[in-house]
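Asker: Using only what follows, build the 3D model:
(4 chains, ligands or ions: 5)
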Amino acid sequence: MTTTSAITEPETTRTAPTSSVTSTILSFLSHQYLVVVVAVAFIVVGLIKPSFFGAGNIQNILFETAFVGIAACGMVLLITAGLLDLSVAGVIAVSAIAVGTVLPYTNIGMAILLAVVIGAILGLVNGLLVTYVKIAPFIATLGTLYLFLGASFIWTGGKVVTVTSSNFRALTTDSIGFLPYPFLTLIVLAVLTYSLLYRTSFGRTLRAMGSNQRAAELAGMRVNQSKVVVFMVAGACFALAGVFMAGRLSSAEANMATGIEMGVIAAVVVGGTSLRGGRGTVFGTVIGAMLFAVLSKSLNMLGVSSYWQYIVTGAVLVIAVAVGARRRSAAEVRGAG
Amino acid sequence: MPAMLAVENIVQQYPGVRALKGVSLALDAGRVLALVGENGAGKSTLIRILAGIEQPVEGRLLLRGESLQLANSAESQAAGISVVSQEFRLVPQLSIADNIMLGHELTSGGVVRAGHTRARVQELLSTLGLDLNPDRLVSSLTTGDQQMVEIARALSRDFDVLIMDEPTAALNRAEIGRLHGIVRRLAAQGKAIMYVSHHLDEVFDLCDEVAVLRDGSLVHRSETGALDEQALVEHMLGRKPQTFERAVDAAATGKDPRLVVDGLRVGGFDEPFSLSVGAGEIVGLAGLVGSGRGELTRALFGDRAALAGRISIDGVPVQVRSVHAAITAGIYMLSEDRKSEGILPHLDVTENTMVSRDPKSVSGWRRLVPSRRSERAVFERLRGELSIRVPHGGQLIGNLSGGNQQKVLLGRALQSGCRVLLLNEPTRGVDVGAKLEIYQLIRRLAAQGVAVIVSSSDAPELTAISDRCLVYLAGRQTAELAGPDITEDNIVGASVGQVAVGGTHA
Amino acid sequence: SDEATAGGAATEFVKQDPLVIGYSVYDLQNPYWQAWSAGVKAAAEENGATVVVADQKSSQQEQVSGSLDLINQGISALIVTPVQPSALPATIDAAHDAQIPVVIGDIGTAGDYDAYVLSNNYNGGEQAAQYLIDLAGTSTESKKVGVIELHAGSVVGEERVAGFKDALAEDTRFEVVASLSGEDTVDGGYAAAQDMLSANPDLDIIYAANDASAVGAQRALETAGKSVADGFTLIGFDGNDDALALIEDGLMSATIAQDPYGQGEAAVKTALALLDGKDPEFSDADTKTVFFPVTVVTKETVADFTAGRENR
Amino acid sequence: MLDTSKAQLDAVASIEHEREESARRGARAARRQSLLQKLGIIVPFALVLLAGIVLVPSFLSASNITNMLVNGAILAITAYGMTMVIALRGIDLSVGSSQAVAACVVAVSVNAWGLVPGILSGIAAAIVLGLLNGVIVTKFRVPAFIATLATLGIYRGVALLFTDGAPVMITDTAFRSIATSSLFGIPVPFILSVLVGAGFWFVLEKMRFGKHLVAVGGSPESATDSGINVKRIQLIAYIAAGATAGLAGVLLASQLGSVNGSLSTGLELQAIAVVVLGGTSMAGGRGNIVGTFLASLLLAMINAGLNLLNVPSFYQYIALGVLLVFALSVDSAQRAAVRRVFEGRVA
Ligand SMILES: Nc1ncnc2c1ncn2[C@@H]1O[C@H](COP(=O)(O)OP(=O)(O)OP(=O)(O)O)[C@@H](O)[C@H]1O
Ligand SMILES: Nc1ncnc2c1ncn2[C@@H]1O[C@H](COP(=O)(O)OP(=O)(O)OP(=O)(O)O)[C@@H](O)[C@H]1O
Ligand SMILES: O[C@@H]1[C@@H](O)[C@H](O)OC[C@H]1O
Ligand SMILES: [Mg+2]
Ligand SMILES: [Mg+2]
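Answerer: Ligands and ions are numbered 1, 2, ... in the order given. Got it, this is the predicted structure:
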């Protein structure tokens, strides 16, 4: 406060930094909160069932985290921009089948590249439908989900494409220490996603249009263009997840990821990103993915019976978020409709 | 007898901001109290507390001497307090009638009585001089009309205390006159009224008393008669205001035309628009609701389809099929609708100012990956120039006071590096001190050769800054005023259809 | 599969104490698989072993990671009923690294498995067709047939339909006029049958690839005013209790009964044999298969069949 | 300076004229708004209907018409509640599971206590589940998406535990005939869906609750500041969603005569789809019951049509996808056209 601050007593200027620090700490904690939940769950289960701490199980958890997490990196961009994509399972199937089909003829690099390109192209389809045909993302991508699945079934004639290349399987399922490659990939991807969202003007456009599309347009931002691009980026992420899943299943087929979209969106939302757009937490998303993985592994390791697993999973979810919601409620955004 | 409504030692604290530092104030029945102060002084905060929207961290409320707890706005309304808030609380998807009666619908057995409601609303609207169809969706109203509906909404309840937060910010002179009439009548009926405005003439014209907030503290209170505008401004700013004399830039008007609009037809208006603005010239657009000022600027900015006509900049014809096309052609527009077409609530103030930043002003890859340091620096500069009151550049814009939000958006426009700048209601809700600084900035920008169009319902504003002033009436240009002819009376006269005879009027 | 035998021979299995058997099951929402795991539990109990179950919930991911969960908690033997057979190899390798034998239960196989308890789905389809042919006897009148498939991409579903269609193709009296997916569920079967009947009001026969969809189809017949009593033929697949009840009441013609419970028992016995280095008594040694026949159950045979089930 | 000068008097006098001008334009804009909202689904609906009649053999057969009406009706009833929830910016992912619970409870209790108590307890169960959703959303401030995603799992588990995973046959023939019988040749479920739909329409369009619901969905801040009890509105909407899912569950149970814990898996996507197809915006503030009703019938027509044509399941995926996209692209095309007309350009 320059001109006016001449007459304001310094108080405002003093309180500003200190309390803004506390507020940032608060909001930081409210995000960390989920980490605490995951950590506690992990330790408690481990104490009850020591084999839970075994490298095998930890890897198992990290694998699951990676598949959902990698896809969720794409999804968090979309949701931040006020968009949504339900066609995840379709994109994964098509691109994984593509990998499986071409692997015998090309090297792994090319195969993976192809998958990612295909993912981007399918994303392009979604983007065009939403942006220029102006179909609500929910319906447009629900439609393309069916389209892509149908395409996969027809392509494979409903048969399975087995992934024989042991190198490919190694590349997609091996680990450094107890950290599987897909998980390391997730870490890298998450960092990239964060930078894209908060360091680039593209990311700024995404957050702006998620926050107030009308205002973003009038500010001269390339809203339409960015919509299409973000769908393509997301498609590429889904495809990458598909590549790793194909490796783990050593096969690819239309049903390989059915229903995954809910898990992916859930990871994003549980991570603290609002479906209303404007803001996205990438770190939270990764933690969200991890929460679900830890949860499902815990229930199996504790031998919780199938039907009760449905109930416990839901209950834990509600409780975890409910407690978090109380803390976060302060950090609501004013003027956001 | 005790005051109708009183607050004692009210303190309100937001993260990073102490908005109210122990304010005590009383409203008496039958009197109109003006509450004035710089942007961010704490006026709306105090009002949000009286409306039950926020609860203070300290202090207490007294209604007729009885202490009063307000947990939510329902309780405030029940206590007989009715509020016109600065940011409209309208629901775009509902009709005018539904919005006005929202929360106190006329029903029988839960069913809304459409007939009664329409009649009731119709009557309210006509006292405000509005003949809008009550069934119209609010989303289709201009800002001006929305402001009137927001006012009608406050009047539709029965109340003892009426609190109006900048009710006239979006109104033109005729509407203001009518509103004042109503306020006087209500005061005569013994209502206690608090009236917030940055138009000091209103304060002296309408209000019995004036209270001045500065940086969260009450620094002055007296009968309006007891002081003059000069003194009042000094109380508000805590210093002498620098004066802004209108330097009629003879050169500017002479300069060759930068923007030329020829026969631009806009849907809903029978006559096409034609005008030309010279480089470095500031042209004002005046007119009542429905004048088409809004549509004209939107059409020039590619936001509303132009059905026919030519636009050229520096002699080069330009197609403005989209907003982006307009911007690449060197045109930029500031919308009059701060909330729904301006602010990006999830972004901090720095980012909000940078979203339209001129790409040419940053080097190659920095356009893709903006430098936070340079952006922070630029924002700090603007914050000084526009005296934006905000604890730090990382503050979310939604947490700023209305006027400060307006300043941020203006800063955004200044960053656009455009050749033609279209400003709709540029100083809506901005305090007197900052207003002058903003006029200086606009002038400086013009001096750099930018062609500026200022569309405003605030006649004094137009007289203050425009080199030339075009007055519209239902899409027809009724007058072109220049130099000494640019007077409030001429503007108002022409905007209701009398051709101005020189400067000699009333 | 000869490389399977080799690998199988190479691995040394260890029987831990306490003796725990892991069962990774397709989906416990389905009565068929409930019966399967009931069989597994019963047989384990007899042999002083305990069972831990991981439900794949019809998810291929869960199949892999659920199986690993079992391996990761020190089981002695693993039984897997895979949603996706092709996804088995990785699991099997992991098990073998931990010296755990892997028995595949139904559906299909891949990789270096140690035993396969097979319910012959293709043959089941053939038997359904044969049942129709026998039923028709010498009559020459042609019959319209509707087929209700399992969900798109279901391995067993395709075998059951293929076996049925192939066998029926030879007899010119039968014409398959409709073939729709019943999504393995009652409501799916209902919708499919509903629409078949609207499209072909003169339909004579419906063959449903599992009992859930058959039960739905039966209800659709009722609604369309048709019934087995006056000459319509409705065949299911699985031998679930509710289907058997319908057959008893004469509302359904027949079901191709599998023996999920028995398969579960057999899977455990085989696993234990492998652990003890005894002969698993394969029906077919090269493919390491314990072969499980399927039988046609009709109104005539249903009583004995259910009785047979009770006595265990 | 704001003395009532001549100019101002004139201003006040001649302002009426300006108002007419602007009112004219505004009224036109208002018409455009509502037209765009209502029109939505009708055109694709008509097109698909026409295609069905022309291309699909026995599309108009009595049995097929009945099937489409009944299946459409059952989906529509579920979707009514969903329409309300989405209109106030919420979502209910648990409808499928709630419906399963309701269906199972109905089955068991009809067998135990007979028709009426059975039906009542079934719907009651669903209402409780809806209430629980509402409480989690309003009291514990859990985002609707997560809250109902969680209860989607919980309720599914409850349904499976309640039936022990086994199918439940319904013996009561009176109950079994509800969904299959008709009044004056019109299937009972369809009549029900029309009545319930009319009820929801009335509440949304004509009652205070409806206005408040739109306010909460359209602008929560405004709603709260207007003294509306937002949480109460939300609670009621989630209860309604549970109730309609339950009612549909009862009809489903009656239709199938046999139920199990896995019933209606994945129903949430279908329900949301028809709501959005019907023109209710997921951004909240706009609920279109008529649209939901038509969209449900549209989906029923599509599914039946594809089956009647005996389209193999692989290709049904493609066809369904194309038709969904097509339906809404027609919608947006017509929006564009209408907009052009109003902006004075040639359509
Ligand atoms: N939710 C909030 N979080 C943080 N700071 C806030 C919040 N609301 C208001 N403020 C700060 O409190 C101060 C007072 O704001 P207020 O809106 O009362 O000012 P005002 O007097 O109404 O200004 P104007 O004339 O521009 O409307 C401002 O500095 C503003 O930034
Ligand atoms: N996009 C639109 N949709 C619906 N109605 C509109 C639209 N644009 C303008 N109108 C109507 O046309 C009338 C004139 O609008 P215009 O923008 O010209 O007013 P204005 O001169 O800008 O007044 P204000 O100063 O209040 O903004 C308004 O009353 C409004 O109701
Ligand atoms: O019969 C079983 C069927 O019911 C299930 O859906 O898939 C596996 C089959 O063995
Ligand atoms: Mg204010
Ligand atoms: Mg305007």
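Asker: and whatever residue of the stretch 151-300 of chain C ends up closest to ligand 1, what pLDDT?
Answerer: Ligand 1 sits closest to C:Asp187 of the stretch 151-300 of chain C, with a gap of 51.0 Å, by C-beta to the nearest ligand atom. C-beta: built from backbone N, CA, C; applies to glycine. Among the per-residue scores, C:Asp187 holds a pLDDT of 93.
Asker: burial measure for it, as a count.
Answerer: Using other C-beta atoms under 10 Å in any protein chain shown, C:Asp187 has 27 neighbouring residues.
Asker: Is it within a helix or a strand, and which one?
Answerer: In this assignment (DSSP states H and E), C:Asp187 forms part of helix C:186-199.
Asker: The residue nearest the centre of chain B: what secondary structure?
Answerer: With distances taken as C-alpha atoms, centre = their mean, chain B has B:Arg428 as the residue nearest its mean C-alpha position (2.7 Å). Here B:Arg428 is recorded as coil under DSSP: H, G, I helix; E, B strand; the rest coil.
Asker: State the distance from it to B:Leu46.
Answerer: 21 Å (C-beta to C-beta, to the nearest Å).
Asker: ok, the residue of chain C at minimum distance from ligand 4 to A:Thr65 distance?
Answerer: Ranked by C-beta to the ion, the top residue of chain C for proximity to ligand 4 is C:Gln61, at 53.9 Å. Distance, C:Gln61 to A:Thr65, using C-beta to C-beta: 12 Å.
Asker: Could I get the contacting residues of residue 78?
Answerer: Picked chain A for this. Counting by C-beta atoms under 8 Å, 6 or more residues apart in numbering or on different chains, A:Leu78 touches A:Leu84, A:Asp85, A:Pro137, A:Val230, A:Phe231, A:Ala234.
Asker: that's the wrong chain, I meant chain D
Answerer: D:Val95, D:Gln99, D:Thr244, D:Ala245, D:Ala248, D:Leu267, D:Ala271.
Asker: any idea which element it lies in?
Answerer: helix D:62-87.
Asker: What average pLDDT does that helix get?
Answerer: 95.
Asker: Helix or strand: which one has B:Val219?
Answerer: Going by DSSP H and E, B:Val219 is in strand B:217-223.
Asker: Lowest-scoring secondary structure element of chain D by mean pLDDT?
Answerer: Ranked by mean pLDDT, DSSP states H and E, the weakest helix or strand in chain D is helix D:6-39, scoring a mean of 59.
Asker: re earlier: which SSE is immediately downstream of the helix holding D:Thr78?
Answerer: helix D:95-113.
Asker: The helix or strand just after that following helix relative to helix D:95-113, how many degrees between them?
Answerer: Downstream of helix D:95-113, the next assigned helix or strand under DSSP H and E is helix D:115-138. For helix D:115-138 against helix D:95-113, the angle by axes from the mean of the first three to the mean of the last three C-alpha atoms, to 10 degrees is 150 degrees.
Asker: Quick check: buried residues in helix D:115-138?
Answerer: Buried residues in helix D:115-138, defined by neighbour count with 16 or more other C-beta atoms under 10 Å in any protein chain shown: D:118-119, D:121-127, D:129-138.
Asker: hmm, it touching chain B?
Answerer: No. Helix D:115-138 does not reach chain B (C-beta under 8 Å from any C-beta of the partner chain); its nearest approach is 14.7 Å.
Asker: Could you see whether chain A lies near that helix?
Answerer: Yes. Helix D:115-138 reaches chain A (C-beta under 8 Å from any C-beta) through D:Ile136.
Asker: Quick one: mean pLDDT over that helix.
Answerer: Averaging pLDDT residue by residue across helix D:115-138 gives 96.
Asker: I'd like to know which elements it is packed against.
Answerer: Applying 3 or more C-beta pairs under 8 Å, 6 or more residues apart in numbering or on different chains; DSSP states H and E, one finds that helix D:115-138 contacts helix D:95-113, helix D:144-163, helix D:173-178, helix D:230-256.
Asker: Of all the helices and strands in chain B, which has the lowest average confidence?
Answerer: For chain B, counting by mean pLDDT, DSSP H and E, that's helix B:250-254 with a mean of 52.
Asker: can you list the residues that contact whichever helix or strand comes after that one?
Answerer: Next helix or strand after helix B:250-254 toward the C-terminus (DSSP H and E): strand B:257-266. By C-beta under 8 Å, 6+ apart, the list of residues contacting strand B:257-266 from outside reads B:272-279, B:281, B:292, B:295-296, B:299-300, B:304, B:306-315, B:331, B:419-420, B:449, B:451, B:453, B:475.
Asker: ok, back up a step: just checking, the residue of chain C closest to ligand 4 touches A:Val68?
Answerer: No. C:Gln61 lies out of contact with A:Val68 (C-beta atoms under 8 Å); the separation is 9.2 Å.
Asker: Need the three-state assignment for the residue of the stretch 51-200 of chain B found nearest ligand 3.
Answerer: Using C-beta to the nearest ligand atom, the single residue of the stretch 51-200 of chain B nearest to ligand 3 is B:Gln93, 46.1 Å away. At B:Gln93 the chain is in coil, as set by three-state DSSP.
Asker: okay, it: pLDDT?
Answerer: Reported pLDDT for B:Gln93: 90.
Asker: how far away is it from ligand 2?
Answerer: 14 Å (C-beta to the nearest ligand atom, to the nearest Å).
Asker: Could you do B:Leu27 as well?
Answerer: On the measure of C-beta to the nearest ligand atom, B:Leu27 and ligand 2 end up 30 Å apart.
Asker: which residues does that residue form a beta bridge with?
Answerer: Assessed by DSSP bridges, B:Leu27 has beta-bridge partners B:Leu5.
Asker: Would you mind confirming that it makes contact with B:Leu5?
Answerer: Yes. Between B:Leu27 and B:Leu5 there is a contact under C-beta under 8 Å: 4.6 Å.
Asker: what is in contact with those two at once?
Answerer: Contacts common to B:Leu27 and B:Leu5, judged by C-beta under 8 Å, 6+ apart, are B:Val161, B:Ala192.
Asker: For the stretch 201-312 of chain C, which segments are assigned as strands?
Answerer: Here the stretch 201-312 of chain C has its strands, by DSSP state E, counting those that start in this stretch, at C:205-208, C:233-238, C:254-257, C:289-292, C:295-298.
Asker: Thank you kindly, that will do.
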